[in-house]
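[1] take this sequence and fold it.
(chains A and B)
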Protein chains: 2
Amino acid sequence: MSPRYTDVVAALPATVPFVGPEQQERAMGRPFAARLGANESVFGPAPEAIAAMERAAAQVWKYGDAESFELRAELAALHGVGMENIVIGAGIDGLLGTLVRLLVAPGTPVVTSRGAYPTFNYHVAGSGGALHAVPYRDDAEDPDALLDAVRQTRAPLVYFCNPDNPMGSWHGAARVQAFIDALPEDTVLCLDEAYADFAPPDTLPAMDVSRPNVIRMRTFSKAHGMAGARIGYAIAHQDLIAAHARIRDHFGVNLVAQAGALASLRAPDWLAQVVAQVADARARMADIAAGNGLRALPSATNFVTIDCGRDGAHATAVRDGLVARGIFVRMPFAAPENRCIRVSAGRPEDLDAFAAALRETLRDLG
Amino acid sequence: MSPRYTDVVAALPATVPFVGPEQQERAMGRPFAARLGANESVFGPAPEAIAAMERAAAQVWKYGDAESFELRAELAALHGVGMENIVIGAGIDGLLGTLVRLLVAPGTPVVTSRGAYPTFNYHVAGSGGALHAVPYRDDAEDPDALLDAVRQTRAPLVYFCNPDNPMGSWHGAARVQAFIDALPEDTVLCLDEAYADFAPPDTLPAMDVSRPNVIRMRTFSKAHGMAGARIGYAIAHQDLIAAHARIRDHFGVNLVAQAGALASLRAPDWLAQVVAQVADARARMADIAAGNGLRALPSATNFVTIDCGRDGAHATAVRDGLVARGIFVRMPFAAPENRCIRVSAGRPEDLDAFAAALRETLRDLG
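    Numbers count the residues shown, from 1 in each chain, chains lettered A, B, ... in the order given. Down below sits the predicted model:
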């Protein structure tokens, strides 16, 4: 006899939204030469954040502050909202899990884009939700299609990532605001802004925490270079934030991560410098793509999505060729976006390795 | 209009299983002089673990290994089980959340003891489960009563903590094994062994991962002194471990925590030294209690539960008197165990402060 899993769990496969690079390295028997697959910040955390985490290490015998008081106060000041408008979580992955559990029961319709962030889909499946995925349009998420799907399904939750992962595309603030304004007031918009720090001006709509149904997710995993710390935050109406306290893991945020995040917020020069290095890397990656007869899509993120010019099978072969040559990269999951590979911004030496491996891969593929 | 929360969530209060000491400090306007309320290890993490975490800080730009390969390999060797029998999670709190979601849907009966770990109850409520709580017997969890409740309710999940929190009591391995043997094979026993490192010999039953329905939870939060790192693990039959991969947050375990946990496992001398210091502290706390006309209950943990000799109102007054004097302690939630206060093992200076505050508190209470 086996355990009596819930009906939802019994119907689920054991799965993982992403295979981690360490697992690939173990399978290959050697480490990657360049780690450009998970949109981590190879530029690292701010020296001030590293120092704060080093200092906090000896204090880790204490549970972290369940209210993350100092960090929330700093974030509230940064964003011009109240502390009651912010909840800290174990990265956006953790925050997505909590949000989905607040709104999704078995059979609940949920709207997203086909090929958008798979960890969101994974959480929806874990709650038994019914995912309705609309296609991208011109390599970007399509607010009109999302809105239509929300209206048709009466979904209480819709996911929208801006700037978008995995395509790097983005919509301007006015377009996003129009989407927000058109949404039914009882449909929660999960606005994933993991890449906000890299976005050009006029990409992020103004903060408005008076709306009951918009929750914006930010992270220290990308520009702040702290993916392994598992710390992010959500900004929303105080009632929606307060609802998190019904089910969230109150003591779930690492004490060292809280210290590092606070220090990173207080080191804006580092963030600006990372954003500048990422912009340089994007330009170089576009050159590398062009030099190989490929096209880099415009990007408002810390990665570049490169159109390999043919179909998913071809892009998969390019991706596999890069991986086999020690370059960790990934690719979009859904057609026609899966004609592309996705490469995170790297240091010059990472991009040298990428350029060499891409040239060899394409030569071998003929 | 407000968001359309699930029926389960809509029926839940915003709550927190524990108010953190930082929140109390902010309310009081001053820090605690001794932090003895959350069964943290004031003795700190192993120097080797601190060093490993310091080294890992600069690497935190990477997501942690989703498979926690090295750590699981080390733990498998330590416990004589396979890597497929171990899952790493964000502390036992995180692991309890995942296990509950695997087994508990709205209305599912779940068995525990009245006054046992409230975070387990919190997770059950978060899944809409129906909690059946049996009384303690002689200040210990009562396996017979738990078994009866399992049979009556046909619960798929029962929680048993050995050694017990909040009473510090324990059952010997033979008694626990008899409980395991008597359980229906499709009722999962969540055996919370957070305090295993402090238990006397013959407390922990032999590891047997051939059973489909026993999952044992261990943590780095207690003897290893890494509560703020949020890292723990569960040991079980490989099928039950594999089921976690259907819903767990694969990338949710902090990279720095993984490095620290591995280093701590490789520093057994530190662990032994902490356990010895905890034993000394327990003896001293028993003396302090006796010197004030109170009785310390026997303990197999890193805390001592002190019988204040009267009712819950009196123990609450003692607890409040200690807190007002800067000593962070907690107390059991349910009668008649709430005639006690619960005090974590401290360094000599922590216990000096505790002794002085206890004397003053009892004097003022008359």
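
[2] which parts of the longest helix along chain A are buried?
    When chain A is parsed with DSSP state H, its longest helix is helix A:268-291. Buried residues in helix A:268-291, defined by neighbour count with 16 or more other C-beta atoms under 10 Å in any protein chain shown: A:270-271, A:274-275, A:277-278, A:281-282, A:284-286, A:288-289. For glycine as for every other residue, the C-beta is placed from the backbone atoms N, C-alpha and C.

[3] for the residues you listed, which one is nearest chain B?
    A:V274 (10.1 Å; C-beta to the nearest C-beta).

[4] what separation do you get for the closest one and A:L265?
    Distance of A:V274 to A:L265, given as C-beta to C-beta, to the nearest Å: 14 Å.

[5] the longest helix of chain A packs against which elements?
    helix A:47-57, strand A:295-296, strand A:303-307, helix A:348-365 (3 or more C-beta pairs under 8 Å, 6 or more residues apart in numbering or on different chains; DSSP states H and E).

[6] neighbouring contacts of it?
    A:41, A:43, A:46-49, A:197-198, A:223-225, A:264, A:295-296, A:299, A:302, A:304, A:306, A:343, A:345-348, A:351, A:354-355, A:358 (C-beta atoms under 8 Å, 6 or more residues apart in numbering or on different chains).

[7] and the average pLDDT for it is what?
    What helix A:268-291 shows for mean pLDDT is 98.

[8] just want the angle from it to helix A:348-365.
    20 degrees (axes from the mean of the first three to the mean of the last three C-alpha atoms, to 10 degrees).

[9] output helix A:268-291 as CSV, nothing but the C-alphas.
    Provided in CSV are the C-alpha atoms of helix A:268-291 (Å, rounded to 0.1, in the frame of the first residue of the first chain):
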residue,chain,number,x,y,z
PRO,A,268,23.1,51.3,-5.7
ASP,A,269,26.4,52.1,-7.4
TRP,A,270,27.0,48.3,-7.7
LEU,A,271,23.6,47.8,-9.2
ALA,A,272,24.2,50.5,-11.7
GLN,A,273,27.5,49.1,-12.7
VAL,A,274,26.0,45.7,-13.2
VAL,A,275,23.3,47.1,-15.4
ALA,A,276,26.0,48.8,-17.4
GLN,A,277,28.0,45.7,-17.8
VAL,A,278,24.9,43.8,-18.8
ALA,A,279,24.2,46.4,-21.5
ASP,A,280,27.7,46.0,-22.8
ALA,A,281,27.4,42.2,-22.8
ARG,A,282,24.1,42.4,-24.7
ALA,A,283,25.7,44.5,-27.4
ARG,A,284,28.6,42.1,-27.7
MET,A,285,26.2,39.1,-27.8
ALA,A,286,24.3,40.8,-30.7
ASP,A,287,27.6,41.1,-32.5
ILE,A,288,28.5,37.5,-31.9
ALA,A,289,25.1,36.4,-33.2
ALA,A,290,25.4,38.6,-36.3
GLY,A,291,28.9,37.4,-36.9
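
[10] how far does that helix sit from the chain's center?
    18 Å (C-alpha atoms, centre = their mean, to the nearest Å).

[11] angle of that helix against strand A:303-307?
    Going by the same axes, to 10 degrees, helix A:268-291 makes 10 degrees with strand A:303-307.

[12] domains for chain A, by residue range?
    Listed domain ranges for chain A are A:7-44+A:269-365, A:47-267 (source: automatic domain parsing).

[13] next up, phi/psi of the residue nearest to A:R137 when sequence neighbours are not counted, please.
    Distances taken as C-beta to C-beta, 6 or more residues apart in numbering or on different chains place A:A145 nearest to A:R137, at 6.8 Å, with adjacent residues excluded. For A:A145, the backbone dihedrals (degrees, to the nearest 10) come out as phi -70, psi -40.

[14] now swap in A:Y159 and tell me
    Dihedral angles for A:Y159 - degrees, to the nearest 10 - are phi -100, psi 130.

[15] before we move on, what about the one 5 residues further on?
    Note on A:D164: backbone dihedrals following degrees, to the nearest 10 are phi -90, psi 140.

[16] with A:P135 instead?
    phi -70, psi 150.

[17] check which helix or strand covers the residue nearest to A:A227 when sequence neighbours are not counted.
    Leaving aside its sequence neighbours, A:A227 sits nearest to A:S221 (C-beta to C-beta, 6+ apart; 3.9 Å). Using DSSP states H and E, A:S221 falls within no helix or strand.

[18] ok, A:S221 touching A:I92?
    Yes: if you go by C-beta atoms under 8 Å, A:S221 and A:I92 touch, sitting 7.3 Å apart.

[19] where do the contact lists of the two overlap?
    A:194, A:232.

[20] pull up the residues of the stretch 101-250 of chain A that are close to chain B.
    A:101-105, A:108, A:126, A:156, A:185-186, A:188, A:212-213, A:221, A:225-230, A:239-240, A:242-243, A:245-247, A:249-250 (C-beta under 8 Å from any C-beta of the partner chain).

[21] just the ones in strands from those residues, please.
    A:V188 (DSSP state E).

[22] brilliant, that's me finished.
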